[in-house]
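**Student:** structure here, sequence nowhere to be found:
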């Protein structure tokens, strides 16, 4: 195993260099970019579907969909009105070269916001800088209130926490206080949006947060 | 990247050799062992908690808990009456040497069934032989009906599919026919147990399946 660590370090270092190039390129084009991460089925694509129409009048949006195997998510994003690019990752997370490929395929000059939808995974995506400006984690109520305790690396590294499927709170065991305590211990004061992509409850503050960031980076 | 593939191959090969040793050791001790895999929050620990008391009169049970960071699951398994060993994986999946470590710590002579609870992840655990006899995947209704299409490697490689949280079917969008079609295309005729760890519905056939396998391997 002795030769393994240098190889991994080499890959990580190359990734970070490409991430830096991605970020410069986004900044030059005054585009605000987010890296959307979550477990499988927490609602990444649903949040994109719900967010796009609410921003479409004010901003031009692009989506880079990282999917293990299919283009199901890219089709859903396109149906919701985004310029959408599909990256078949074949692995457990996206990396900066994949995002670079996505940026190459999009017409950057015409965009204000880019959402990168990462692969459904609460572990692997955490360590990889993609060159985006903000990292968003979607937690999901039916996953349970113990997730911050069990997946600390992911919870520690994000800028924003979306707590989706709050419409299911009456039907599952989820202690919001225990969840919040776990989050705060790892990521004090992290911006949090409890919402339901199904009912639409709580979506407005999230959409406004995105819009404010976009104006900041577009300005 | 040219030197990466041989390193990975070397690790995989070493893993498979340890897996074979694990399997021989389990067989010599007439123990039936399962590898329990799922997304974060799909209900791996809950299924163990629900299954153990129903088997405790007939069999002696051990649990090897693979957790990224905490011993929360090991504590829950121990509270449910299992002999429980905690492995802090620090990575996105369990491997055969971790299971070997678990077997070393358990008193194998006194056990009939061992459940290995893998790390919550629908991608990485798929490729790793642990030396267990059967691979069990827990799907969860609120994850959505598109998961077989999006995580085909995991769905293709398992012997049994548990569909948990069926009590939430009235409250979420989940087309059982679409889900089943996706599963069948990847893993025709896979043994499937729809159930709810919360209400207890559907648990009996699953528990009987485990008991039958245990008798087969103990005999």
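**Tutor:** Ah, there it is. Treat the numbers as computed from the prediction; the structure is a model and nothing was measured.
**Student:** now do the contacts for the residue nearest the centre of chain A.
**Tutor:** Here the mean C-alpha position of chain A is nearest to the C-alpha of residue A:36 (Cα atoms, centre = their mean), at a distance of 0.5 Å. Applying Cβ atoms under 8 Å, 6 or more residues apart in numbering or on different chains, we find residue A:36 in contact with A:44, A:47-48, A:115-118, A:136, A:138. Glycine gets a C-beta too; all of them are placed from N, C-alpha and C.
**Student:** which ones among these map onto strands?
**Tutor:** The strands, defined by DSSP state E, take in A:115-117, A:136, A:138 from those.
**Student:** can you give me the end-to-end distance of stretch A:118-134?
**Tutor:** Across stretch A:118-134, the terminal residues are separated by 13 Å (Cα to Cα, to the nearest Å).
**Student:** now the residue nearest to the centre of chain A: how far from residue A:180?
**Tutor:** Computed with Cβ to Cβ, to the nearest Å, the distance linking residue A:36 and residue A:180 is 21 Å.
**Student:** is residue A:181 within a helix or a strand, and which one?
**Tutor:** Assigned by DSSP states H and E, residue A:181 belongs to helix A:176-186.
**Student:** residues of the helix or strand bottoming out on mean pLDDT in chain A that come out buried?
**Tutor:** Considering only helices and strands, the least confidently modelled element of chain A by mean pLDDT, DSSP states H and E is helix A:72-79, at a mean of 83. Residues of helix A:72-79 classed as buried: A:73-74, A:76-78 (neighbour count, 16 or more other Cβ atoms under 10 Å in any protein chain shown).
**Student:** contact partners of it?
**Tutor:** Taking contacts as Cβ under 8 Å, 6+ apart, the residues outside helix A:72-79 that touch it are A:44-45, A:48-49, A:52, A:63, A:65, A:67, A:84-86, A:117, B:146, B:149-150.
**Student:** nearest to residue B:202, of those?
**Tutor:** Proximity of the contacts of helix A:72-79 to residue B:202, judged by Cβ to Cβ, is greatest for residue B:146, which lies at 22.2 Å.
**Student:** next, the closest one: phi, psi?
**Tutor:** Listed backbone geometry of residue B:146 is phi -90, psi 0, with angles given as degrees, to the nearest 10.
**Student:** how about the contacts made by the closest residue to residue A:137 other than its chain neighbours?
**Tutor:** Nearest in space to residue A:137, with sequence neighbours left out and distances taken as Cβ to Cβ, 6 or more residues apart in numbering or on different chains, is residue A:158 at 4.2 Å. By Cβ under 8 Å, 6+ apart, the residues touching residue A:158 are A:37, A:135-137, A:187, A:190.
**Student:** filter those residues down to the buried ones.
**Tutor:** Of all these considered here, the ones buried according to neighbour count by 16+ other Cβ under 10 Å are A:37, A:135-137, A:187.
**Student:** which of the contacts of helix A:72-79 has the weakest pLDDT?
**Tutor:** Confidence by pLDDT is poorest for residue A:67 among the contacts of helix A:72-79, given 86.
**Student:** picking up where we left off before, adding pLDDT and distance to residue B:200, write the contacts of residue A:158 out as JSON lines.
**Tutor:** Below are the contacts of residue A:158 laid out as JSON lines (pLDDT from 0 to 100; distance: Cβ to Cβ, whole Å):
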{"residue": "A:37", "pLDDT": "98", "distance to residue B:200": "34"}
{"residue": "A:135", "pLDDT": "98", "distance to residue B:200": "39"}
{"residue": "A:136", "pLDDT": "98", "distance to residue B:200": "37"}
{"residue": "A:137", "pLDDT": "98", "distance to residue B:200": "32"}
{"residue": "A:187", "pLDDT": "97", "distance to residue B:200": "36"}
{"residue": "A:190", "pLDDT": "97", "distance to residue B:200": "37"}
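**Student:** stretch A:108-120: end-to-end distance?
**Tutor:** 26 Å.
**Student:** which positions within that stretch qualify as buried?
**Tutor:** Residues of stretch A:108-120 classed as buried under the neighbour-count rule (16+ other Cβ under 10 Å) are A:108, A:111-120.
**Student:** and the longest helix that chain A contains, average pLDDT?
**Tutor:** Within chain A, and with DSSP state H defining each element, the longest helix by residue count is helix A:4-28. The average pLDDT for helix A:4-28 rounds to 89.
**Student:** contacts for it next, please.
**Tutor:** Counting contacts by Cβ under 8 Å, 6+ apart, the residues touching helix A:4-28 from outside are A:32-33, A:95-97, A:99-100, A:103, A:108, A:114, A:127-133, A:217, B:1, B:3-4, B:7, B:11.
**Student:** narrow these to those in strands?
**Tutor:** The subset of the contacts of helix A:4-28 located in strands under the criterion DSSP E comprises A:32-33, A:114.
**Student:** which parts of chain A sit against chain B?
**Tutor:** Within chain A, the positions lying close to chain B (Cβ under 8 Å from any Cβ of the partner chain) are A:1, A:3-4, A:7, A:11, A:39-41, A:67-70, A:72-73, A:91-92, A:119-124, A:140, A:142-144, A:146-147, A:149-153, A:165, A:167-168, A:171-173, A:198.
**Student:** distance between the ends of stretch A:158-169?
**Tutor:** Using Cα to Cα, the gap from the first to the last residue of stretch A:158-169 comes to 24 Å.
**Student:** buried stuff in it?
**Tutor:** The neighbour-count check on stretch A:158-169 (16+ other Cβ under 10 Å) flags A:158-168 as buried.
**Student:** poorly predicted segments of chain A, please.
**Tutor:** The model of chain A has pLDDT under 70 over residues A:1-5.
**Student:** run a quick neighbour tally on residue A:106.
**Tutor:** Other residues lying near residue A:106 total 18 when counted by other Cβ atoms under 10 Å in any protein chain shown.
**Student:** right, and it touches residue A:61 too?
**Tutor:** No: proximity of residue A:106 to residue A:61 does not meet the contact threshold set by Cβ atoms under 8 Å, at 10.3 Å.
**Student:** counting neighbours, what do you get for residue A:173?
**Tutor:** A count of nearby residues for residue A:173, using other Cβ under 10 Å, gives 11.
**Student:** what's the separation between it and residue A:42?
**Tutor:** In this structure, residue A:173 and residue A:42 are separated by 17 Å, where distance is defined by Cβ to Cβ.
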